[in-house]
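> no FASTA, just this:
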């Protein structure tokens, strides 16, 4: 098992911040989070997470993160971020390509990024 990357940790912290009523249990889960598996899907990534069984469960809707996005170096539109739960514990972080970009050449473990509250604007959108 390995540690979360800076991108993974920042995304989860932003998602957890959306649920202030559950900040305690979710923060405890995050402190113990370990990566079981990473996969660059070509349309984003999946990070399978395990947390300590001693960390309190948080009965929250799954997924969380419907308004958390990441601008990532090498991507024009960035990623949407979702955090899934099983039995009240973090289990999977998904980063999905907002603009349908191919992510297979991006090394998410070391890519520069910024966490945002809204996605980058797609061409053709009007303000």
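That came in fine, so what should we check first? Only a predicted model underlies this, so the values are computations on that prediction, with no experimental measurement involved.
> what about the helices in this protein?
Remark: helices assigned in the chain by DSSP state H are 6-17, 23-32.
> May I see the ones you listed organised as a markdown table, with mean pLDDT, distance to residue 100 and mean neighbour count added?
Where you see a C-beta, it was placed from the backbone N, CA and C, and this is true even at glycine. Output for these, formatted as a markdown table (pLDDT from 0 to 100; distance: least, CB to CB, whole Å; neighbours: other CB atoms under 10 Å):
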| stretch | mean pLDDT | distance to residue 100 | mean neighbour count |
| --- | --- | --- | --- |
| helix 6-17 | 94 | 20 | 20 |
| helix 23-32 | 92 | 30 | 17 |
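> Among the ones you listed, which comes closest to residue 80?
Go through the helices of the chain one by one with CB to CB and the one that ends up closest to residue 80 is helix 6-17, at 9.9 Å.
> quick one: buried residues of stretch 107-118?
108, 111, 113, 115, 116 (16 or more other CB atoms under 10 Å).
> sorry, back to before: and the helices of the chain as a markdown table, adding distance to residue 69?
Putting these into a markdown table (distance: least, CB to CB, whole Å) gives the following:
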| stretch | distance to residue 69 |
| --- | --- |
| helix 6-17 | 9 |
| helix 23-32 | 19 |
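> Of all those helices, which one is nearest residue 88?
Residue 88 sits nearest to helix 23-32 of all those, at 8.0 Å, using CB to CB.
> Packing partners of the closest one?
Of the remaining helices and strands, those touching helix 23-32 by 3 or more CB pairs under 8 Å, 6 or more residues apart in numbering; DSSP states H and E are helix 6-17, strand 89-97.
> what's that helix in contact with?
Helix 23-32 has contacts (CB atoms under 8 Å, 6 or more residues apart in numbering) with 9, 12-13, 16-17, 19, 51-52, 54-58, 60, 89-90.
> try it again with 7 Å
Outside of helix 23-32, the residues that reach it under the criterion CB atoms under 7 Å, 6 or more residues apart in numbering are 12, 16, 19, 51, 52, 55, 56, 57, 58, 89, 90.
> Could you tell me how far that helix lies from the centre of the chain?
Here the centre of helix 23-32 is set off from its chain's centre by 15 Å, with CA atoms, centre = their mean, to the nearest Å.
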